[in-house]
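Q: need coordinates for the below:
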Amino acid sequence: MALLASKPFLLIIICASAYALSAVAMAQAANRPHPMIFVIVAPCLVIAAITEILVLRQFDLGVTYIAIIGTESVLVVTQALMIGEGLGPRQ
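A: The predicted structure is shown next:
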């Protein structure tokens, strides 16, 4: 854990990826509910929370929040485009 704490940008990527994966899993569960989604979502949110705490020990909240949300947004939009969901004029 100490090795990861020394690499804040890696932690931001891990955190954003965990948030993005849980968001995609929850979106899939909205279409096809299944109890196994919890097996994906819960660990992802725990990983995201732990890595976000580790990053917040090194950076200010504003910088960390923008970096994580920005990275997560890019990952989620990329995933949405890959599964055939486009962005409409409203988005």
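Q: for the biggest helix by length in the chain, C-alpha coordinates in CSV please.
A: Counting residues, the longest helix in the chain under DSSP state H turns out to be helix 8-31. Output in CSV follows, covering the C-alpha atoms of helix 8-31 (Å, rounded to 0.1, in the frame of the first residue of the first chain):
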residue,chain,number,x,y,z
PRO,A,8,-0.7,9.7,-6.9
PHE,A,9,-1.4,9.7,-10.6
LEU,A,10,-1.7,5.9,-10.6
LEU,A,11,-4.1,6.2,-7.7
ILE,A,12,-6.2,8.7,-9.6
ILE,A,13,-6.4,6.3,-12.5
ILE,A,14,-7.3,3.4,-10.3
CYS,A,15,-9.9,5.4,-8.4
ALA,A,16,-11.5,6.8,-11.6
SER,A,17,-11.5,3.3,-13.2
ALA,A,18,-13.2,1.8,-10.2
TYR,A,19,-15.9,4.6,-10.2
ALA,A,20,-16.4,4.1,-13.9
LEU,A,21,-16.7,0.4,-13.7
SER,A,22,-19.2,0.6,-11.0
ALA,A,23,-21.2,3.2,-13.0
VAL,A,24,-21.3,1.0,-16.1
ALA,A,25,-22.3,-2.0,-14.0
MET,A,26,-25.1,0.0,-12.4
ALA,A,27,-26.3,1.2,-15.8
GLN,A,28,-26.3,-2.4,-17.0
ALA,A,29,-28.3,-3.4,-13.9
ALA,A,30,-30.9,-0.8,-14.7
ASN,A,31,-31.6,-2.7,-17.9
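Q: any low-confidence regions in this protein?
A: In the predicted model, the chain carries pLDDT under 70 at residues 1-6, 86-88, 91.
Q: go with 90
A: Counting by pLDDT under 90, the ranges of the chain that qualify are 1-10, 23-38, 56-65, 67, 71, 73, 75-91.
Q: what segments of it are helices?
A: 2-5, 8-31, 37-56, 61-82.
Q: and R90, which of the ones you listed is closest to it?
A: For R90, the closest of those is helix 61-82, at 14.1 Å, according to CB to CB. All C-beta spots, glycine's among them, are computed from the backbone N, C-alpha and C.
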